[in-house]
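Engineer: compute the structure for the input listed below.
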Amino acid sequence: MKRTKHYLVTHIDPYLFPQPQDLEDKVLNALGVWSATDEVDLEDKVHQYMQPYKIRSLEFENNRPHSLTSYK
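Structural biologist: Numbering: from 1, shown residues only. Next comes the predicted model:
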């Protein structure tokens, strides 16, 4: 069984412009922390969530503490 990692989705660029309101809402809801087994799994999950819209590009990074979080 593969181990699940957390990724931080920072930007989603859809094909449609201008964006209808429901697409804007989907993009904003999709930004944030996602859990996936690897990067391909993450992309599949985001593409599936964004249906019926297609996305041109997706930017993400490994999960990290929030900039306002206090840690040592």
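Engineer: what's the spacing between the helix or strand where residue 25 lies and its chain's center?
Structural biologist: For residue 25, the element it lies in under DSSP states H and E is helix 21-30. Distance, stretch centre to chain centre, for helix 21-30: 11 Å (Cα atoms, centre = their mean, to the nearest Å).
Engineer: would you mind listing the buried residues in that helix?
Structural biologist: Under the neighbour-count criterion of 16 or more other Cβ atoms under 10 Å, helix 21-30 has 23, 26, 27, 30 buried. Where C-beta positions appear, they are placed from N, C-alpha and C, glycine not excepted.
Engineer: start and end of stretch 7-23, how far apart?
Structural biologist: Counting by Cα to Cα, to the nearest Å, you get 22 Å between the two ends of stretch 7-23.
Engineer: what does it contact?
Structural biologist: 27, 30-36, 39, 42, 46, 50, 53-64 (Cβ atoms under 8 Å, 6 or more residues apart in numbering).
Engineer: if we go to 10 Å?
Structural biologist: 24-28, 30-36, 38-39, 41-43, 45-46, 49-50, 52-64, 66 (Cβ atoms under 10 Å, 6 or more residues apart in numbering).
Engineer: which members of these occur in strands, if any?
Structural biologist: Within the contacts of stretch 7-23, residues falling in strands by DSSP state E are 32-36, 55-62.
Engineer: show me which of these are buried.
Structural biologist: Buried members of those, scored by 16+ other Cβ under 10 Å, are 34, 36, 55, 58, 60.
Engineer: now for those: which two are most distant?
Structural biologist: Using Cβ to Cβ, those span at most 15.7 Å, a distance reached by 36 and 55.
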